[in-house]
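**Student:** Sharing a sequence plus its predicted fold:
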Amino acid sequence: MKNKKRFVPWLIAAVTVIGKKLYDLMFGGSLAVTTEDLKNGIIACSPAIIFIVVVLIAALIVVVAAGKLKQPKRALVRAQAPIAILLAITLSVNWVILGVEYSVVNSVFAEDVKVSDETMASGRDCRPDCIRGHRSAEE
């Protein structure tokens, strides 16, 4: 029990620090998110949010209706409901990150890389040699 008491302040401190860093990044840092951006993001993610809410409501209805089943089936249904909820949330987050918000997430984690004119010129000069070398290797 002592370990849990020591863990809670560290958890609170970690969440506070991470939350402050995210807030600074979003509203004052390199992302500079506006309320209009947040509204547009929520509107774009609304199908996933609706999906999560529908699955949560359906899972709660199934859990309540499971009260009329016999004990082994009731325990099975009540054990599977949280798994269904977790699966729905995972699918929705995946849907948002890889679908709707992919370009936003990609731009946040991608570095701004510029290729110099010298590199572009040397690549253009090298290209015929590379193609010929590749063809001779195939033959």
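**Tutor:** Looks like it arrived, so ask away. Residues are numbered from 1 along each chain as shown.
**Student:** which intervals of the chain have sub-threshold pLDDT?
**Tutor:** 1-7, 25-33, 104-105, 107-113, 127-139 (pLDDT under 70).
**Student:** Would you map the helices across it?
**Tutor:** 2-27, 35-44, 46-65, 71-95, 102-109, 117-138 (DSSP state H).
**Student:** will you turn the ones you listed into JSON lines that also has mean neighbour count?
**Tutor:** For every residue, glycine as well, the C-beta is placed using N, CA and C. Compiled in JSON lines, the helices of the chain are given as follows (neighbours: other CB atoms under 10 Å):
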{"stretch": "helix 2-27", "mean neighbour count": "10"}
{"stretch": "helix 35-44", "mean neighbour count": "11"}
{"stretch": "helix 46-65", "mean neighbour count": "14"}
{"stretch": "helix 71-95", "mean neighbour count": "13"}
{"stretch": "helix 102-109", "mean neighbour count": "11"}
{"stretch": "helix 117-138", "mean neighbour count": "9"}
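**Student:** So what's the residue count around residue 114?
**Tutor:** Residue 114 has 5 neighbours, counted by other CB atoms under 10 Å.
**Student:** which residues touch stretch 67-75?
**Tutor:** 66, 77 (CB atoms under 8 Å, 6 or more residues apart in numbering).
**Student:** What is the end-to-end distance of that stretch?
**Tutor:** Stretch 67-75 has its terminal residues 9 Å apart, counting by CA to CA, to the nearest Å.
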